[in-house]
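What would the 3D arrangement of this be:
(one chain, ligands or ions: 1)
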Amino acid sequence: MSTTIKEEKETASLLDSTQVVIKEALDKLGYSEEVFELLKEPLRMLTVRIPIKMDDNTTKIFTGYRAQHNDAVGPTKGGIRFHPEVDEEEVKALSMWMSLKCGIVNLPYGGGKGGIICDPRQMSIGELERLSRGYVRAISQIVGPTKDIPAPDVYTNSQIMAWMMDEYSRIREHDSPGFITGKPLVLGGSHGREKATAQGVTICIEEAAKRKGIELKGARIIVQGFGNAGSFLAKFMHDAGAKVIGISDAYGAIYNQDGLDIDYLLDKRDSFGTVTTLFDHTITNQELLEQDCDILVPAAISNQITKENAHLIKAQIVVEAANGPTTLEATKILTERNVLLVPDVLASSGGVTVSYFEWVQNNQGYYWEDEEVQTKLKALLVNSFNQIYEMSETRKVDMRLAAYMVGVRKMAEASIFRGWV
Ligand code: GLU
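Alright, predicted model coming up:
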């Protein structure tokens, strides 16, 4: 756990590096300095302090944030994370990535993000419910189905979305399913939302494998992280006939060249994705990244592939299921080494895409079958992958810069049309 916390402290540089690539993307597309000035930080950032009665009758004050990057295209959209290491800079950078994801998939949204500094692993269900409701009361003025639509993120789930939706509906005095996405099915959730991030990653892996001439059946895959995205992804890859040879959680990693028993691991993982503590022989997360494999999927936390270890990565394809796992220097090294890197803002956009479907279904009050969700998700993400791959080839830029160029275009255009710049 100590490495997890240390790595996540790098968040100030996450914002810096996001700004660097946004600037580069805007320059390449020929936009003015004013457009960059507008987009380099969120338009709004609300900090709230939330008093919560704990089970032992003491009162604890929690700090929460909600950032809204840009709402020129439409309402802002993005998850809420509950984590002890959340901070303002991180939430800002994450809201900007949400803008890029929405631009890449062509959703009618800008980006938003929220976070509360807390450790849900140390809290009771009752405390979590009070905190979820308290946060909604604190941010209720700036959110809503046509303003800013939250969703799950790290350590938040459909139960937390349900409490938040209920609290918001009470405040507004009418049922408001479209206020938040990632809800349980019975409360207006969408089929396919829970597995959507992993589904999006799977689509990107399929497309990248085609480009690299790798047959998915039998391909050796390492997945770092066993949370929502990592665990579903390991299952999908296993079911597709690929060999998942390594997985990890916050405490360590397990690796076996002959393939792991994914069904057993899924059965044993706890609700926070912890499973390696059951094994005597583990390796570190860093060691796992350097093992021999065809496809590597960092699905855990930021700053995992850096200039220190990028030259040790053996995979031919790296697909970023986590937000920000590869630094800019490492992106350069991997690209020079001809590793096909599918950047986070594309690879992890499946979640917000199905969130959009959920919101559309809430607005129209008419719900789709799982198959319809799958077909629509696949069509959108294959199209986005192709656009970015083509941009990278024709403009001779790496996949990250290509993704930023595709992602930032609509937001820049919309801001200009509105007369903001
Ligand atoms: N938290 C997810 C993300 O980072 C999903 C956001 C959403 O569904 O709005 O993409």
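
lowest-confidence helix or strand of the chain?
Ranked by mean pLDDT, DSSP states H and E, the helix or strand of the chain with the weakest confidence is helix 2-8, at a mean of 37.

can you tell me which helix or strand residue 99 belongs to?
If you go by DSSP states H and E, residue 99 is part of helix 88-105.

Let me know the outermost residue of this protein.
Taking C-alpha atoms, centre = their mean, the residue of the chain most remote from its mean C-alpha position is residue 57, at 35.4 Å.

what ranges of the protein fall below the confidence cut-off?
Within the chain, the segments meeting pLDDT under 70 span 1-12.

Please name the nearest non-neighbouring residue to the closest residue to the ligand within it.
Going by C-beta to the nearest ligand atom, the ligand is nearest to residue 79 of the chain, at 2.7 Å. Yep, even glycine has a C-beta here, placed from its N, CA and C like the rest. Excluding the flanking residues, the one nearest residue 79 by C-beta to C-beta, 6 or more residues apart in numbering is residue 153, at 2.9 Å.

tell me what the helix ranked longest in the chain is packed against?
With DSSP state H applied, the helix covering the greatest number of residues in the chain is identified as helix 370-394. Contacts defined by 3 or more C-beta pairs under 8 Å, 6 or more residues apart in numbering; DSSP states H and E place helix 370-394 against helix 88-105, helix 196-212, helix 344-347, helix 350-364, helix 399-417.

Need the winner for burial among these.
By mean neighbour count, with neighbours taken as mean count of other C-beta atoms under 10 Å, helix 344-347 ranks first of the helices and strands packed on helix 370-394 at a mean of 29.

Can you give the distance of it from its chain's centre?
Centre-to-centre, helix 344-347 and its host chain are 8 Å apart (C-alpha atoms, centre = their mean, to the nearest Å).

Could you list the residues in contact with it?
For helix 344-347, the surrounding residues in contact (C-beta atoms under 8 Å, 6 or more residues apart in numbering) are 97, 100-101, 104, 200-201, 204, 319-325, 384-385, 388, 399-400, 403-404, 407.

Run a quick neighbour tally on residue 279.
13 (other C-beta atoms under 10 Å).

Without its sequence neighbours, what residue ends up closest to it?
residue 254 (5.5 Å).

Report the contact partners of that neighbour.
Residue 254 makes contact with 246-248, 260, 276, 279, 281-283, according to C-beta under 8 Å, 6+ apart.

Report the secondary structure state of it.
strand (DSSP: H, G, I helix; E, B strand; the rest coil).

beta partners for it?
For residue 254, the beta-bridge partners are residue 247 (DSSP bridges).

Quickly note the distance from it to residue 318.
20 Å (C-beta to C-beta, to the nearest Å).

is it true that residue 291 touches residue 248?
No: using C-beta atoms under 8 Å as the test, residue 291 is too far from residue 248 to be in contact (10.7 Å).

picking that back up, just the residues contacting the longest helix of the chain, thanks.
104-106, 190-192, 196, 199-200, 203-204, 207-208, 211, 342, 346, 349-350, 353-354, 357, 397-399, 401-403, 405-406.

That'll do, ta.
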